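*Asks:* heads up, no residue letters with this:
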């Protein structure tokens, strides 16, 4: 029997790089085909994983995406949580795989759940479960629900092309990655960067708003678990298609707690002088980063019932255990990384 072919996009990113790293560690028997944008990225990937197969191109190359999809047993689309054309072309390609279609796994994110029912900086009691609330999750409007359009595209394409698909939606991801290129998450690093630049901690208003968080290794393990199931007869015990919706969340935290932890550690390391945490208005926080209302001001509360039932066992450190390494990384690279990035993972 030939080795399973797994096509992965997004290896230059935070989640994609970590996922591929863990795939090579856990499944050296898999034939891993990696999409990169150029020769420079190809050299970086092959220097780290000489056994990898590398394809140069991008998500907008329809012919390439269809071709690679048609040859893959599993596609892990980890390059972008917002690229609709790639969803359609990769799933179209997977439908051409013989004798049976391959499996498609798409990254999104729980930012789609963001709510400020009680105001910015205030806790909300709304919690979403990926099993019992599936009908609500898959009927949320596109307006004001980031990534929802991509999830709709996945569900529409899997019906059209009769390809088994899964949507994997992580919350706040923490920890410094170990992939070959991008090793930085979004929410906490952006806050740490802003704290170091302004010399004081901050939160949005009362800072009581709640998210859940998952370590980068546990997100990678979730992708690998779904890929393992996909390679079993009939997709294993995983659910696919309309029911293939998976949160990958961990313990909850309040953003005020994270703000305080960042400030306290920064003071301890001599990076800032005061452990005081300012209460900023939404407008003032948005001056620090235009995404402030979404990434620091609201509530995104998810429960990973489906993934836990499948056997996912998150083992990474807590968000508070990860804060020191993330703050030190921001101090080391301050001014050399841009905060104006997309939601690409």
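*Replies:* Cool, the structure landed. Note that the structure is predicted; figures quoted are calculated from it, not measured. Residues are numbered from 1 along each chain as shown.
*Asks:* confirm residue 81 sits in a helix?
*Replies:* No: applying DSSP: H, G, I helix; E, B strand; the rest coil, one finds residue 81 to be coil, outside a helix.
*Asks:* 57 is where my numbering starts, stick with that
*Replies:* Okay, residue one is now 57; in that scheme the one you just asked about reads as residue 137.
*Asks:* pLDDT score assigned to it?
*Replies:* pLDDT, the model's per-residue confidence, is 91 for residue 137.
*Asks:* neighbours of it, how many?
*Replies:* Other residues near residue 137 come to 26 when the count uses other CB atoms under 10 Å. For the C-beta atoms, the positions are set from N, CA and C on the backbone; glycine is no exception.
*Asks:* helices along this protein, start to end?
*Replies:* Ranges of helices in the chain, per DSSP state H, are 70-82, 95-104, 118-127, 140-151, 190-193, 204-217, 243-254, 272-286, 311-324, 338-344, 348-352, 361-366, 375-389.
*Asks:* of all the ones you listed, which lies closest to residue 264?
*Replies:* For those, the distance to residue 264 is smallest for helix 311-324, at 6.2 Å, taking CB to CB.
*Asks:* what is the orientation angle of that closest one with helix 375-389?
*Replies:* With axes from the mean of the first three to the mean of the last three CA atoms, to 10 degrees defining the directions, helix 311-324 sits at 50 degrees from helix 375-389.
*Asks:* check which helices and strands helix 311-324 sits against.
*Replies:* Contact analysis of helix 311-324 by 3 or more CB pairs under 8 Å, 6 or more residues apart in numbering; DSSP states H and E lists helix 243-254, strand 257-260, strand 333-336, helix 375-389 as its packing neighbours.
*Asks:* what residues sit buried inside the last one?
*Replies:* Read that as helix 375-389. Going by neighbour count (16 or more other CB atoms under 10 Å), the buried part of helix 375-389 is 375-376, 378-379, 382-387.
*Asks:* now those residues in CSV, with pLDDT and distance to residue 235?
*Replies:* Formatted as CSV, those follow (pLDDT from 0 to 100; distance: CB to CB, whole Å):
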residue, pLDDT, distance to residue 235
375, 98, 20
376, 99, 23
378, 99, 16
379, 99, 20
382, 98, 15
383, 98, 20
384, 98, 18
385, 97, 14
386, 97, 18
387, 97, 21
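*Asks:* now these as JSON lines including distance to residue 138?
*Replies:* As requested, these are exported to JSON lines (distance: CB to CB, whole Å):
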{"residue": "375", "distance to residue 138": "24"}
{"residue": "376", "distance to residue 138": "29"}
{"residue": "378", "distance to residue 138": "25"}
{"residue": "379", "distance to residue 138": "27"}
{"residue": "382", "distance to residue 138": "24"}
{"residue": "383", "distance to residue 138": "28"}
{"residue": "384", "distance to residue 138": "30"}
{"residue": "385", "distance to residue 138": "25"}
{"residue": "386", "distance to residue 138": "25"}
{"residue": "387", "distance to residue 138": "30"}
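*Asks:* what sits closest to residue 152 if chain neighbours are left out?
*Replies:* Sequence neighbours aside, residue 126 is the residue nearest to residue 152 in space, at 4.0 Å (criterion: CB to CB, 6 or more residues apart in numbering).
*Asks:* neighbours around the one you found, how many?
*Replies:* Counted with other CB under 10 Å, residues neighbouring residue 126 total 17.
*Asks:* you'd agree it is up against residue 153?
*Replies:* Yes: using CB atoms under 8 Å, residue 126 is in contact with residue 153, at 5.6 Å.
*Asks:* so where's this structure shaky on pLDDT?
*Replies:* Within the chain, the stretches with pLDDT under 70 are 57, 391-401.
*Asks:* residue furthest from the geometric center of it?
*Replies:* Of all residues in the chain, residue 329 has its C-alpha farthest from the mean position, at 33.2 Å, by CA atoms, centre = their mean.
*Asks:* who's in contact with the spatially closest residue to that residue that is not a sequence neighbour?
*Replies:* Leaving aside its sequence neighbours, residue 329 sits nearest to residue 255 (CB to CB, 6+ apart; 6.6 Å). When contacts are counted by CB atoms under 8 Å, 6 or more residues apart in numbering, residue 255 touches 328-330.
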